[in-house]
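Q: Okay, here's the prediction I keep looking at, along with the sequence it came from:
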Amino acid sequence: MARMSAGLVAFRRTPGGIEVLLVHPGGPFWTRRDRGVWSIPKGEYEAREDPLSAAVREFGEETGFAPREPFLELGQTRQSGGKVVTAWAFEGDYDAAAIRSNTFSLEYPPRSGRFRQFPEVDRAAWFTLQAAAEKIVGAQAVFLARLAAQARAC
């Protein structure tokens, strides 16, 4: 069975158009990577768990912010590693520099026997839809297109 993940896309309307909040993965392996590694705030959930509830929880854990209803369904996508991601969008505005992410423990440097704590998300930023399409994990770009279509209808 494929691993399942759920997430939320915060968006805001600006004079220049719609902007979305993306997060950059924390930890030493992602420090110097930029294009194609940013993501919507998301996380894995168990089959018995409600995906929207998991998305709300993960958004809070990765950003420190509380999302607001209503949520727009953005459907699913399958990432290259096989993980199925389900997403929703909501309108909100946050200070990207003020994120507070949960942490994880990792042996670093590898095989050193020393474990360090790293933030799951090391930074967040607002991007136009066009800029976000260049930064986001490839399979998640479909969420940006779906959001653009729905936001125009609202």
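A: Happy to help now that I have it. Numbers count the residues shown, from 1 in each chain.

Q: What segments of this protein are helices?
A: 51-63, 129-135, 141-153 (DSSP state H).

Q: Now the last one: buried residues?
A: Residues of helix 141-153 classed as buried: 141-144, 146-147, 151 (neighbour count, 16 or more other Cβ atoms under 10 Å). C-beta here means a position set from N, CA and C on the backbone, and glycine is covered the same way.

Q: Please write out the alpha-carbon positions of it in CSV.
A: The C-alpha coordinates for helix 141-153 follow below in CSV (Å, rounded to 0.1, in the frame of the first residue of the first chain):
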residue,chain,number,x,y,z
ALA,A,141,2.7,21.6,-9.1
VAL,A,142,-0.7,20.2,-10.0
PHE,A,143,-2.1,21.6,-6.7
LEU,A,144,-1.0,25.1,-7.9
ALA,A,145,-2.9,24.8,-11.2
ARG,A,146,-6.0,23.5,-9.4
LEU,A,147,-5.9,26.3,-6.9
ALA,A,148,-5.6,28.9,-9.6
ALA,A,149,-8.7,27.5,-11.3
GLN,A,150,-10.7,27.4,-8.1
ALA,A,151,-9.6,30.8,-6.8
ARG,A,152,-10.7,32.5,-10.0
ALA,A,153,-14.1,30.9,-9.5
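
Q: helices or strands up against that helix?
A: Packing contacts for helix 141-153, counted by 3 or more Cβ pairs under 8 Å, 6 or more residues apart in numbering; DSSP states H and E, involve strand 4-14, strand 17-25, strand 72-78, strand 84-91, helix 129-135.

Q: Could you check the angle the third one makes with helix 51-63?
A: What that stands for is strand 72-78. 90 degrees (axes from the mean of the first three to the mean of the last three Cα atoms, to 10 degrees).
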